[in-house]
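A.B. asks: Sequence and predicted structure, then a few things I'm wondering about:
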Amino acid sequence: MEPGVELKHITFQAGGRTILKDISLSADRGCFAGVLGANGAGKTTLLKCINGIHACSGEVRVWGRNIRDCTEKEVARLVSLMNQNTNLEFDFTCRQVVEFGRYPYWKKGFWGEKGDERIVVQAMRDTGVLEFADVLVTRISGGERQRVLFAKTLAQDSRVVLLDEPTANLDLRYQRQLFQFGQRLACEGKTVLAAVHDLNIALRYCDTFFLLHEGELLAQGTAGEVMSPEHMRQAYGLNTQLYRNPVHHGLELAVLE
Ligand SMILES: Nc1ncnc2c1ncn2[C@@H]1O[C@H](COP(=O)(O)OP(=O)(O)OP(=O)(O)O)[C@@H](O)[C@H]1O
């Protein structure tokens, strides 16, 4: 079985600079991967190469298909991206935003396929935003908007789910809920990749890690393989140590200075 996401020698250039340099990686179906790296390391750019927003050199394969051979709607059925900077300045209701997640399944000009309403309502219920369904998305808080965007991502029901700093505006309870959803999607067999700054939340919920540094893939694999003191020093300039949390017994990363 081919991996959920496979990148072969991806290079991306913009503004006269090479932002991603010869990246090859593979993420299995059913894995929840944390994409790590300092500010500017290339995490967002990498996610945008996977869903084809950025035209890069090399090969991007999703569920065994080269995304260059797919139509826009085929790509959207294969990959969804929850973006940290999605512009929601238009006067759509929260329900309409979530309904847009069903766009890849719409027949020409048709809004709301049969069965879509059930999927949309379920996604809003799961993310706790059903009560805002008829409220304009410009009238809710940043964290509530983030949850509406996640509901849209759930409604899109793609094989691969890309989350770019998905918990940036979320309180503790919804951060946990979102990562638990990531795990659930992976258990359903999807491939989930999340760009994350909070390494301890990544350690708690992700099973695979990719560490970027200045546009290059520094390490990929388990927490122990990726978050070694040498890699963390190189990527973040910090002395760190992985240890087992005595309360929940999972791995955590301590910064030693
Ligand atoms: N379209 C572009 N044109 C020029 N430079 C770009 C473009 N997009 C990104 N960059 C640069 O590429 C580098 C990587 O950006 P990217 O947003 O992928 O980093 P990141 O790891 O997601 O960072 P952060 O953690 O701060 O969100 C940055 O130095 C950024 O300034």
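C.D. replies: Structure's in. What do you need? Note that the structure is a prediction, hence the values are computed from the model and not measured. Numbers count the residues shown, from 1 in each chain.
A.B. asks: neighbours of the closest residue to the ligand within the stretch 51-200 of the chain, just the number please.
C.D. replies: Residue nearest to the ligand within the stretch 51-200 of the chain: residue 195 (6.0 Å; C-beta to the nearest ligand atom). From N, CA and C alone the C-beta is placed, and that goes for glycine too. Neighbourhood size, residue 195 [other C-beta atoms under 10 Å]: 25.
A.B. asks: residues contacting the closest residue to residue 245 other than its chain neighbours?
C.D. replies: For residue 245, ignoring the flanking residues on the chain, the nearest one in space by C-beta to C-beta, 6 or more residues apart in numbering is residue 252 at 4.8 Å. By C-beta atoms under 8 Å, 6 or more residues apart in numbering, residue 252 lies in contact with 200, 203, 242-245.
A.B. asks: try residue 172
C.D. replies: Contacts for residue 172 were tallied using C-beta under 8 Å, 6+ apart; there are none.
A.B. asks: can you tell me how far it sits from residue 71?
C.D. replies: Separation of residue 172 from residue 71 (C-beta to C-beta, to the nearest Å): 41 Å.
A.B. asks: Residue 24: what secondary structure?
C.D. replies: Counting by DSSP: H, G, I helix; E, B strand; the rest coil, the backbone at residue 24 sits in strand.
A.B. asks: Over to residue 153?
C.D. replies: Applying three-state DSSP: residue 153 is helix.
A.B. asks: Determine the number of other residues adjacent to it.
C.D. replies: 24.
A.B. asks: Report the contact partners of the closest residue in space to it that isn't next to it in sequence.
C.D. replies: The shortest distance from residue 153 to any non-neighbouring residue, by C-beta to C-beta, 6+ apart, is to residue 82 (4.5 Å). By C-beta under 8 Å, 6+ apart, the residues touching residue 82 are 149-150, 152-153, 161-164, 166.
A.B. asks: okay if I get these as JSON lines plus secondary structure and distance to residue 221?
C.D. replies: Formatted as JSON lines, these follow (DSSP: H, G, I helix; E, B strand; the rest coil; distance: C-beta to C-beta, whole Å):
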{"residue": "149", "secondary structure": "helix", "distance to residue 221": "30"}
{"residue": "150", "secondary structure": "helix", "distance to residue 221": "27"}
{"residue": "152", "secondary structure": "helix", "distance to residue 221": "32"}
{"residue": "153", "secondary structure": "helix", "distance to residue 221": "26"}
{"residue": "161", "secondary structure": "strand", "distance to residue 221": "21"}
{"residue": "162", "secondary structure": "strand", "distance to residue 221": "20"}
{"residue": "163", "secondary structure": "strand", "distance to residue 221": "20"}
{"residue": "164", "secondary structure": "strand", "distance to residue 221": "22"}
{"residue": "166", "secondary structure": "coil", "distance to residue 221": "22"}
